[in-house]
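J.: Return atomic coordinates for the entry below.
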Amino acid sequence: MLHERDGGAPSPAGTPEFNWQAHSILIVDDEEGMRSFLERALKPRCGLVETAPDAEHAMRLMARVHFDLLILDIALPGKSGLDWLHELREAGFAGDVILITAFADLDTAINALRGGASDFILKPFRVDQILNAIKNCFQRAHLARENFILRRELAGLSVEVDGLVGHSAAMENLRAVLRRVAQTASTVLLLGESGTGKEVAARALHRMSPRAQRPFVPVNCPAIAAELIESELFGHVKGAFTGATESRNGLFYYAHGGTLFLDEISELPLPLQTRLLRVLEERRLRPVGSEREVPVDVRIIAASNRDLAAEVAAGRFRQDLYFRLAVVDIEIPPLRERAEDIPDLMRHFMNLLTAQLGVAPLAITQTLLARLTAYGWPGNVRELRNFVERSLILDGFPVEALAARSDTFSGVDLPLDEVEKRHILRMLDACGGNKSEAARRLGVSRKTLERKCAEWGESVA
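T.: Coordinates of the predicted model:
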C-alpha cells in the first residue's frame with residue numbers, strides 16, 4: 001500500500017494537531033542501511049526511536065520498553081517478520097505494525113494484512129511514504145480512542161456534558177477559579193456533597209484547558225468491582241488472570257493526551273492508591289501481568305464527597321496520595337448556598353429533559369420557584385434534576401412531596417450528617433428496602449450506601 005501525500009501535511013479539518021513526540025517506534029530490519037535511513041528520518045520527529053536487526057533483539061527491547069508502532073521487515077534472519085507478527089498478535093500486542101519488504105507478491109501482502117499488519121510498503125520507498133503511513137496509523141489509534149469514549153457516554157456511563165448553570169456569586173467565583181486552574185497542568189481535587197455537579201465542573205475544567213481537543217474519560221470508582229478496577233484503569237495482558245483471554249487497554253490509555261476524572265476517589269482500595277500514586281509521580285504505568293512500563297500523558301482530576309483529610313486520619317486514604325492530588329483543591333458549593341440559581345437550573349433541565357423525554361414543557365411560575373427556593377435540597381442539583389424529570393413524567397410538579405420532606409428535615413436546625421442520614425433512610429423506605437434501587441435514585445454506588453448504613457448501625461440486607 002503506497003502513500004503519496006507528504007507526511008508533514010496538516011491534519012484534516014476537525015482533527016487535533018498531530019504530535020509526533022508523543023509516540024515511540026521500533027525499527028526491525030537486518031539491513032543496517034535501512035535501519036540508519038529510517039532512524040535518521042524518524043528520530044528528529046518521534047519521542048523514542050529504537051532499532052533491532054532481528055526478532056530476537058527486538059523482543060529483548062520490547063520486554064523493557066513500550067512501543068506504539070513497529071516497522072518490521074518481512075525477510076529477517078532466523079524468524080521471518082511475518083511469522084513474528086503472528087506471534088505478536090497471538091501474545092496480545094495491540095500496537096500498529098507496518099511491514100516493509102523488497103520482495104513481495106499479492107499473496108504475501110494479503111497474508112500480512114490478515115495477520116494483523118496495519119500497513120504494507122514495498123522497498124524502496126520515499127521518506128514521505130513511511131511518514132504518511134506512520135501518521136495514518138496513529139490517527140486511526142486516536143479515532144479508536146475517541147470512539148471508545150463516545151460509546152461509554154452513549155451507554156450512559158457519565159452525566160450530561162452541559163456546562164455550569166447559574167449566575168450566583170458562588171457560581172461566578174467557581175467559574176473564575178476553574179478558568180484560572182484550567183490553564184495549568186496541575187492535578188485538581190474537587191470537593192463537595194453528592195449531587196453538587198463535580199463531574200460537570202471537571203468537564204468545564206477540561207473544556208477550558210489546552211487538552212480540550214483530547215479525550216475526557218470519567219471513572220466512577222465505587223461502581224467498579226475492587227478486583228477489576230486495577231485492570232480497568234491500567235489495562236492487562238493476555239493471561240494476566242483467570243478470564244483474561246486477550247490483552248486489553250485501560251482507561252489511562254484512552255485518556256492519553258487528555259483528562260482522566262476519578263470520581264469518588266476515596267473508594268479506591270489502599271493497594272490501588274499506592275499504584276495510582278506511582279503513576280502520578282512517574283507518569284508511567286504497568287498493565288496488569290506485564291513486565292513493561294508504558295508512558296502516560298494524562299491530567300488527573302479527582303473528586304470526593306468525603307473529607308479526605310479525615311479519611312487519611314482514619315487510615316483509609318494514603319496521606320501522600322492526598323497531598324499529590326490536592327495540588328489545587330476546589331470546593332463545589334451545595335445548592336442551598338446558591339438558591340438564586342434555581343430558576344436558571346429549572347429552565348435548563350426543562351429544556352434538556354423535554355427533548356430527551358419527548359414531552360411538552362411545564363409552566364414555571366413564581367409561586368413554584370418560591371417554594372423550590374425555600375426547600376433545602378439535600379440531594380443538591382441532582383435532586384433538582386430528578387424533580388424536574390419526575391414532574392415531566394407525571395405532567396405536574398409534586399411540590400407536596402417536597403413540603404413533606406421539608407417538614408421531616410429542614411436542614412435549618414439539624415447537622416448536615418443527620419440530614420443526609422434521614423434522606424438516605426427515607427429513600428430506602430420508599431424503595432421497599434431495595435438497596436440497589438435506592439442507591440440508583442440517590443446517585444451513589446450500592447457499596448457507598450452499605451457503608452453509610454453500616455456506620456449508623458442500620459441493616460440494609
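
J.: so what's the residue located most distally from the centre of the chain closest to, chain neighbours aside?
T.: Most distant from the centre of the chain: Phe103, at 44.0 Å, with distances by CA atoms, centre = their mean. Nearest residue to Phe103 in three dimensions, chain neighbours excluded: Ala75, at 6.6 Å (CB to CB, 6 or more residues apart in numbering). Where C-beta positions appear, they are placed from N, C-alpha and C, glycine not excepted.

J.: circling back to that earlier point, which SS class is the residue farthest from the centre of the chain?
T.: Under DSSP: H, G, I helix; E, B strand; the rest coil, the three-state class of Phe103 is coil.

J.: how near is it to Asn434?
T.: For Phe103, the distance to Asn434 equals 68 Å [CB to CB, to the nearest Å].

J.: looking at it, Leu260 is touching Tyr253, isn't it?
T.: No - applying CB atoms under 8 Å as the test, Leu260 and Tyr253 come out as separate, 10.2 Å apart.

J.: Compare the two and say which is more crowded by neighbours.
T.: Between Leu260 and Tyr253, counted using other CB atoms under 10 Å, the more crowded position is Leu260 (25 against 22).

J.: which stretches of the protein aren't confidently modelled?
T.: Scanning the chain for pLDDT under 70 picks out 1-18, 104-106, 145, 148-163, 403-419, 429-430, 432, 458-461.

J.: For the longest helix along it, enumerate the helices and strands it packs against.
T.: Criterion DSSP state H: the longest helix present in the chain is helix 127-154. With contacts defined as 3 or more CB pairs under 8 Å, 6 or more residues apart in numbering; DSSP states H and E, the packing partners of helix 127-154 are helix 32-42, strand 69-73, strand 96-101, strand 119-122, strand 216-220, helix 251-254.

J.: Could I get the contacting residues of Arg286?
T.: Arg286 is in contact with 234, 292-294, counting by CB atoms under 8 Å, 6 or more residues apart in numbering.

J.: next one: Ile71
T.: 25-29, 38, 98, 100, 130, 134.

J.: What count of nearby residues applies to Met427?
T.: The burial count for Met427: 18, using other CB under 10 Å.

J.: Next one: it from Ser391, what distance?
T.: Met427 is 18 Å from Ser391, by CB to CB.

J.: can you check Ala41 too?
T.: Ala41 is 63 Å from Ser391, by CB to CB.

J.: got it, and Tyr253?
T.: Applying CB to CB to Tyr253 and Ser391 gives a distance of 42 Å.

J.: follow-up on the earlier one: please point out which parts of whatever helix or strand comes next after the longest helix of the chain sit buried.
T.: Scanning forward in sequence from helix 127-154 by DSSP states H and E, the next helix or strand is helix 169-182. For helix 169-182, a neighbour-count test (16 or more other CB atoms under 10 Å) marks 170-171, 174-175, 177-178, 181-182 as buried.

J.: Ok, stretch 348-368 next?
T.: Quick answer for stretch 348-368 (16+ other CB under 10 Å): 348-350, 352-353, 362, 364, 368.

J.: can these go into JSON lines with extra columns for distance to Pro210?
T.: Formatted as JSON lines, the buried residues of stretch 348-368 follow (distance: CB to CB, whole Å):
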{"residue": "His348", "distance to Pro210": "28"}
{"residue": "Phe349", "distance to Pro210": "31"}
{"residue": "Met350", "distance to Pro210": "34"}
{"residue": "Leu352", "distance to Pro210": "29"}
{"residue": "Leu353", "distance to Pro210": "33"}
{"residue": "Leu362", "distance to Pro210": "41"}
{"residue": "Ile364", "distance to Pro210": "39"}
{"residue": "Leu368", "distance to Pro210": "42"}
